[in-house]
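> For reference, the sequence and a predicted model appear below.
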Amino acid sequence: MRLRVEFTTEPFDLEEAPAHAVAAREVMRSAQLDAVDVGPFGNTAEGESAAVLDAVGALLRDALGAGATRVSLQVNVIGEDTP
């Protein structure tokens with residue numbers, strides 16, 4: 001099964017990426033995922049379910065440990081028939 005995760009961390013800082021946002025993005029970039037797209041207001045990553053779920057756990061630990069006060073995420077099953 002393939003999964004797509006979309007996530008944001010807060011609080012926001014429009015001047016520079018906060019430590020918790022950098023930590024979350026590094027987790028996703030270093031995970032064994034097929035596609036990672038990071039942006040100032042949202043991030044997505046795709047991959048096999050085990051890799052995505054492992055990365056989500058690490059993302060939560062690292063982002064909260066780096067000062068995030070909120071982590072919003074959505075996980076979707078994707079496949080041939082899923083947009």
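Thanks, I have the structure now. Residues are numbered from 1 along each chain as shown.

> what sits against R70?
Each residue near R70 by Cβ atoms under 8 Å, 6 or more residues apart in numbering is listed here: T9, E10, P11. Backbone N, C-alpha and C define where each C-beta goes, glycine included.

> Among the residues you listed, which one has the most neighbours?
Greatest neighbour count in those, by other Cβ atoms under 10 Å, goes to T9: 28 neighbours.

> Convert the C-alpha atoms of the one helix or strand that one maps to to PDB, please.
Using DSSP states H and E, T9 sits in strand 2-10. Provided in PDB are the C-alpha atoms of strand 2-10 (Å, rounded to 0.1, in the frame of the first residue of the first chain):
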ATOM      1  CA  ARG A   2       1.200   3.500  -0.800                       C
ATOM      2  CA  LEU A   3       0.500   6.500   1.400                       C
ATOM      3  CA  ARG A   4       0.700  10.300   1.000                       C
ATOM      4  CA  VAL A   5       1.200  12.400   4.100                       C
ATOM      5  CA  GLU A   6       0.600  16.200   4.200                       C
ATOM      6  CA  PHE A   7       1.900  18.100   7.200                       C
ATOM      7  CA  THR A   8       2.500  21.400   8.800                       C
ATOM      8  CA  THR A   9       4.100  22.500  12.000                       C
ATOM      9  CA  GLU A  10       3.400  25.500  14.100                       C
END
